[in-house]
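Trainee: below are the sequence and a predicted model; questions follow.
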Amino acid sequence: MSGNAETFPVPRRRDGAARLGARIARDPLVAILSAAILGIALCLVLVRPSPYLVNAAGQLAAFAILAVSLDLVWGYLGILSLGHGLFFAVGGYVCAMHLVAHAYAVTGIPPDFVQFMGWKTLPWYWAGLTNAPYALVLALGLAVLVAFVFGLASFRSRVNGVYFSIISQALVYVAMLLMFRNDTGLGGNNGMTGFSLLFGWPMGSPGVTLGLAVASLAALAAVLVGASLLVGSRTGRLMLACRDDETRLRTLGYGTTRLKLGIWCLSAAIAALAGILYVPQVGIINPRVLAPDLSIEIAVWVAIGGIGRLGGAVLGAVLVNALKFWLTAAMPEAWPFILSGLVLLVVLALPNGLLDLAALRLKPTWLRGGTR
Amino acid sequence: MSGGLAIDALSVVFGRFRALDDLSLAVDAGEVRAVIGPNGAGKTTLLDVISGITRPKSGRVMLGDLDLTQCAEAEIAKAGVRRKFQKPSVFPMLSVRENLEIGCGADLPAAARPARVTALLGDVGLSARADVTAGRLSHGEKQWLEIGMVLASEPRVILLDEPVAGLSDAETARTAALIQALRRPDRAILVIEHDMAFVEAVADRVTVLHDGRTLYEGGMAGARADARVIEVFLGR
Ligand SMILES: Nc1ncnc2c1ncn2[C@@H]1O[C@H](COP(=O)(O)OP(=O)(O)O)[C@@H](O)[C@H]1O
Ligand SMILES: [Mg+2]
């Protein structure tokens, strides 16, 4: 972690600034991490390390955003989604569509799957996707729409706990089966790859790689600070209340469905943002991003980092994925065993994740002291 | 009578077991009613129905023109019904103050909240504990905090499920005084309790519940003299 004092990522306002700062400082880990993240972004710009490292940092940032999105609903609202890969994939697919449509418009060469299917042109629902702002709105809007429909159906009929987790997992699985079909106009089995241009610039050039990584890091810092402000607000207190005793909250006159639905949709939008940032950096999207085990892995990152501490989600995602980058290159067949071992270690020895280890929280949550 | 709670021919069935059996009961505004009865009599189930957590098989619970059995929990609460649970139910990760703020309800303007909370802290004797995390309170303090949360919205109907369970004699006496101070002409209070001395101190009338039915209704002295009541309480 960078020891230098970086700029504090707080929008400075005349009067509220001090209060805002105090609220972020309530969770010093978030303040330290967001400063470090911006520091790393600055280092990338100034030092220009190898494109491989820059790209890795950017991908890790995207995963960390995804982890924060899950921690928001799981750690603070008690809703464990085992299907968050769905929202990540919505963002990723729409981003890929934009990249493909953009390259097609510039080069005139139709994408592989269009040729493969023997089509003349892209299906109608690709219309307008060359326009980046529209693609962004579509990606976030679609993720929120799917989350809204699924959330409304579940929360209204009071599907909770394990049932919700299982249904969310089924949903991502169904989406995967759908995307494996080759006639969806979304690349089918092979997905979409070979993105050649980003906003007219050649993909893979050092400048584009750096730009994507810096954008991802900046987005991570913004998401982290934003989420931290949210959980420190009155809404955040209602989230904790709902997590710990939903019936009690209802009988005090709060319709918890709206609260849960709102945060659930926000979480989906953040996950979609992670997907949008991830796909151009990894250069491919295919239905395997919808595999149930990826969605479970997101929960593992959060659990390893520490549930219900936003900084823990970031640390968990970064550490597990950094290890994965390194080990899947060195000994790919060992990764599932190492991941399982990590899970067992956390479950047995560190019930609150790595934050226990860092001694940032000496006692389990429910024993924690009154000073907050 | 207006503003009170009218429970009309309520039946609750769990599987083949009748927890409430055609129970009718009117709690008038201005009254403190105690419901007593042996364990398993259906007292908590009655409060579950009134607060919308359990749906009855038949019967109605009328608050004015509103049938509470048709409403969701939050709507019932918004209509002015608040309930203290048998197991003290506070939000363990929030401070005492934050718990009371939530108790004020969604409709109280934010500007009015601090004053209300400060007053409540005094009422329930937790001023010195305002910033302690609720999960760290003693059992008695949790009971009081929950009573404070229930009072925070100035409800028309207050339901208290065993508010002095597990409290010392001194704490029980304080709670009795607190409940007596809650009596208002436009407010109906229903207290479930085992502690007879406490019931005698706070209640105008008692309803003795047994196997989901009313066994006796009237003054406490009458209850003590009633042969069937004595049998139910001593026979077990
Ligand atoms: N959700 C439930 N499912 C099945 N049986 C229940 C349920 N809630 C309560 N009961 C049963 O109903 C009876 C009345 O319970 P309760 O209302 O809690 O009694 P008490 O008068 O002690 O508060 C008990 O026999 C209890 O076991
Ligand atoms: Mg009971």
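Mentor: Great, that's in hand. Ligands and ions are numbered 1, 2, ... in the order given.
Trainee: against ligand 2, how distant is B:A6?
Mentor: 22 Å (C-beta to the ion, to the nearest Å). Where C-beta positions appear, they are placed from N, C-alpha and C, glycine not excepted.
Trainee: which helices and strands does the one helix or strand that residue maps to pack with?
Mentor: For B:A6, the element it lies in under DSSP states H and E is strand B:5-14. Contact here means 3 or more C-beta pairs under 8 Å, 6 or more residues apart in numbering or on different chains; DSSP states H and E; on that basis strand B:5-14 packs against strand B:17-27, helix B:43-50, strand B:58-63.
Trainee: hmm, 10 Å instead?
Mentor: strand B:17-27, helix B:43-50, strand B:58-63, strand B:188-192 (3 or more C-beta pairs under 10 Å, 6 or more residues apart in numbering or on different chains; DSSP states H and E).
Trainee: number of residues surrounding residue 96?
Mentor: If you meant another chain, say so; for now it's chain A. 28 (other C-beta atoms under 10 Å in any protein chain shown).
Trainee: looking at chain B here, not the other one
Mentor: Neighbours of B:V96 using other C-beta under 10 Å come to 30.
Trainee: how far away is the closest residue to ligand 1 within the stretch 151-300 of chain A from chain B?
Mentor: Using C-beta to the nearest ligand atom, the closest approach of the stretch 151-300 of chain A to ligand 1 is made by A:T247 at 12.4 Å. The spacing between A:T247 and chain B, counted by C-beta to the nearest C-beta, to the nearest Å, is 6 Å.
Trainee: now the helices and strands packed on strand B:5-14 in JSON lines, with mean pLDDT and mean neighbour count?
Mentor: Shown next, in JSON lines, are these (pLDDT from 0 to 100; neighbours: other C-beta atoms under 10 Å in any protein chain shown):
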{"stretch": "strand B:17-27", "mean pLDDT": "94", "mean neighbour count": "18"}
{"stretch": "helix B:43-50", "mean pLDDT": "96", "mean neighbour count": "24"}
{"stretch": "strand B:58-63", "mean pLDDT": "95", "mean neighbour count": "18"}
{"stretch": "strand B:188-192", "mean pLDDT": "96", "mean neighbour count": "25"}
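Trainee: return the distance of the residue of chain B most remote from its centre relative to B:D204.
Mentor: Distance from the C-alpha centroid of chain B, by C-alpha atoms, centre = their mean, peaks at B:A111 (28.5 Å). Distance, B:A111 to B:D204, using C-beta to C-beta, to the nearest Å: 37 Å.
Trainee: got the residues of chain B near ligand 2?
Mentor: Applying C-beta under 5 Å from the ion, we find that chain B lies next to ligand 2 at B:44, B:86.
Trainee: can you name every helix or strand that the helix or strand of chain B with the lowest mean pLDDT contacts?
Mentor: In chain B, the helix or strand scored least confidently by mean pLDDT, DSSP states H and E is helix B:227-234, which has a mean of 80. In terms of contacts (3+ C-beta pairs under 10 Å, 6+ apart), helix B:227-234 is packed against strand B:32-36, strand B:205-210, strand B:213-218, helix B:220-225.
Trainee: and for it, what's in contact with it?
Mentor: Residues from elsewhere that reach helix B:227-234 (C-beta atoms under 10 Å, 6 or more residues apart in numbering or on different chains): B:36-38, B:41, B:194, B:196, B:206, B:208-211, B:215-216, B:222-224, B:226, B:235.
Trainee: contacts with ligand 1 among these, please.
Mentor: Among the contacts of helix B:227-234, the residues that sit close to ligand 1 (C-beta under 6 Å from any ligand atom) are B:37, B:41.
Trainee: would you mind listing what in the stretch 101-250 of chain A touches chain B?
Mentor: Within the stretch 101-250 of chain A, the positions near chain B by C-beta under 10 Å from any C-beta of the partner chain are A:234, A:237-238, A:240-250.
Trainee: report the two of those separated the most.
Mentor: For those, the farthest-apart pair by C-beta to C-beta is A:R234 and A:T247; their separation is 20.3 Å.
Trainee: compare the two (neighbour count), which wins?
Mentor: The neighbour count for A:R234 versus A:T247, taken as other C-beta under 10 Å, is higher for A:T247 (16 against 12).
Trainee: ok, that one - contacts?
Mentor: A:256, B:48, B:51-53, B:73, B:85, B:89.
Trainee: ok, residue 160 - how many residues close by?
Mentor: Chain wasn't specified; assuming chain A. A:N160 has 15 nearby residues by other C-beta under 10 Å.
Trainee: sorry, should have said chain B
Mentor: 27.
Trainee: from the contact counts, what lies against the helix or strand where it lies?
Mentor: Using DSSP H and E, B:L160 sits within strand B:157-161. The contact analysis (3+ C-beta pairs under 10 Å, 6+ apart) places strand B:157-161 against strand B:17-27, strand B:32-36, helix B:43-50, strand B:81-84, helix B:139-151, helix B:169-182, strand B:188-192.
Trainee: switch to 7 Å and redo it
Mentor: Here strand B:157-161 touches helix B:43-50, strand B:81-84, strand B:188-192, going by 3 or more C-beta pairs under 7 Å, 6 or more residues apart in numbering or on different chains; DSSP states H and E.
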